[in-house]
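# Just the structure for this:
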Amino acid sequence: MGTDAHAVPGTAAPGGTGQLGGRVAGLLSAAGIPVRLIVRDPSRAPQLPGATTAQAAFGDRQACRTALQGVRTLFMVSADGAGDRVEQHYAFIDAAAEAGVEHIVYTSFYGAAPEATFTLARDHFATEEKLRGSGLKHTLLRNNLYQDVLTDFAGPERILRGPAGDGRAG
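Below is the predicted model:
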């Protein structure tokens, strides 16, 4: 795996050190599709055939613009749940547009809406709106929940808890 951010054309996957971004990058690599892993810490990036890395954090617009040079299709995993998450997403989308990215596939969330009860669903809605106004082609993936991490939400008793009032979950 190289570290030249300009060596791999076509496809990029931020979050290559995480669960979802890492799986997507692995699947692309296994299919023979060269992928650029955009990561905050290149030393943690998986070693994948045909993959290169570029170091950038979502909120660092200049680093993202550099990392995205030559990328046509971008699989955008949402940022961690930080207080400035939406601003990080906006900076990343702006950097993608400036770098010439043509299509962003974004992992959003079911029920993304400005009045959603789930805070992150409001963040996803804001990001979707930014994508809609960006002029970029985009695909919005609205999953209900990442099944692979559902058990991580359970406490030591293996019980899921959360502020739901009188609400129910299926």
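
# what about residue 13, how many neighbours?
Close neighbours of residue 13, defined as other C-beta atoms under 10 Å, add up to 29. (Each C-beta comes from the backbone N, C-alpha and C, glycine too.)

# same deal with the one 3 residues further on?
Residues lying near residue 16 (other C-beta under 10 Å) number 29.

# Give me the distance between the closest residue to it other than its chain neighbours and residue 128.
Nearest non-adjacent residue to residue 16, counting by C-beta to C-beta, 6 or more residues apart in numbering: residue 37, 3.3 Å away. Separation of residue 37 from residue 128 (C-beta to C-beta, to the nearest Å) stands at 24 Å.

# Out of the two, name the residue with the larger neighbour count.
residue 37 (29 against 19).

# can you pull out the helices in this structure?
With DSSP state H, the ranges of helices along the chain come out as 19-30, 61-67, 85-99, 119-134.

# Tell me which of those helices sits nearest to residue 152.
helix 19-30 (9.6 Å; C-beta to C-beta).

# can you pull the buried residues of that closest one?
Residues 20, 21, 22, 23, 24, 25, 26, 28, 29 are the ones in helix 19-30 that count as buried (16 or more other C-beta atoms under 10 Å).

# contact partners of that helix?
Contacting residues not belonging to helix 19-30 are listed as 11, 13-16, 34-35, 37, 46, 48-51, 75, 77, 107, 146, 148-149 [C-beta atoms under 8 Å, 6 or more residues apart in numbering].

# which residues touch residue 91?
By C-beta under 8 Å, 6+ apart, the neighbours of residue 91 are 58, 59, 60, 61, 64.

# Without its sequence neighbours, what residue ends up closest to the first one?
Distance criterion C-beta to C-beta, 6+ apart; nearest residue to residue 58, sequence neighbours excluded, is residue 88 at 3.9 Å.

# how close does the one you found sit to residue 46?
From residue 88 across to residue 46, the span is 23 Å (C-beta to C-beta).

# of the two, who's got more company?
residue 88 (22 against 17).

# quick one, what contacts residue 18?
For residue 18, the contacting residues are residue 77, by C-beta under 8 Å, 6+ apart.

# Let me see the confidence value for it.
With respect to pLDDT, residue 18 has a value of 86.

# quick check, nearest of the contacts of residue 91 to residue 158?
So of the contacts of residue 91, ranked by how close each gets to residue 158 (C-beta to C-beta), first place is residue 58, at 32.8 Å.
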